[in-house]
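> Generate a structure from the sequence data that follows.
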Amino acid sequence: MQIKLDENMPAGLAAMLASFGHDVDTVPEEGLSGKPDLDVWASAQRGERFFITQDLDFSDIRLFVPGSHHGLLLVRL
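From the prediction side, this is the model:
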């Protein structure tokens, strides 16, 4: 699975997911830290990546309609 981790996810998560065979990139690795949410989202979609975040701005299903993207997981740690 291709995954993008938001900047608010634990640093070690990328390595852990990669150890399970996933292709993982992160917002900081791409130089997107601090960029607007929609820029981060656009990057995830261009890369056809499942996006994992803690950012509640991504919780509005009117903007992020299920089935219209490559996947979104909003977690609260």
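> what sits against the residue nearest to residue 8 when sequence neighbours are not counted?
Spatially, and ignoring its direct neighbours in sequence, residue 8 is nearest to residue 54 (4.5 Å; C-beta to C-beta, 6 or more residues apart in numbering). Every residue, glycine included, has its C-beta placed from N, CA and C. For residue 54, the contact set (C-beta atoms under 8 Å, 6 or more residues apart in numbering) comprises 6, 8-9, 74-77.
> Relative to residue 67, how far out is residue 54?
23 Å (C-beta to C-beta, to the nearest Å).
> cool, and residue 50?
For residue 50 relative to residue 67 (C-beta to C-beta), the value is 13 Å.
> between the two, who's got more neighbours?
In this view residue 50 and residue 67 are compared by other C-beta atoms under 10 Å, and residue 50 has more residues nearby, 18 against 5.
> What is the neighbour count of the nearest residue to the more buried one once chain neighbours are set aside?
Of all residues not flanking residue 50 in the chain, residue 71 sits nearest, at 3.6 Å (C-beta to C-beta, 6+ apart). Other residues near residue 71 come to 16 when the count uses other C-beta under 10 Å.
> Same question for residue 66.
8.
> did I read that right, it in a strand?
No: using DSSP: H, G, I helix; E, B strand; the rest coil, the assignment for residue 66 is coil, not a strand.
> Ramachandran coordinates for it?
phi -50, psi 140 (degrees, to the nearest 10).
> Repeat that for residue 53.
phi -150, psi 160.
> need the contact list for it.
5-6, 8-9, 72-75.
> could the residues you listed go into a markdown table alongside secondary structure?
Listed next are the contacts of residue 53 as a markdown table, based on three-state DSSP:
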| residue | secondary structure |
| --- | --- |
| 5 | strand |
| 6 | coil |
| 8 | coil |
| 9 | coil |
| 72 | strand |
| 73 | strand |
| 74 | strand |
| 75 | coil |
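> from the residues you listed, which two are the most distant?
Maximum pairwise distance in the contacts of residue 53, criterion C-beta to C-beta, is 14.0 Å, between 8 and 72.
> Derive a ChimeraX selection command for the buried subset of the contacts of residue 54.
A single ChimeraX command selects the buried members of the contacts of residue 54 (16 or more other C-beta atoms under 10 Å):
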select :6,9
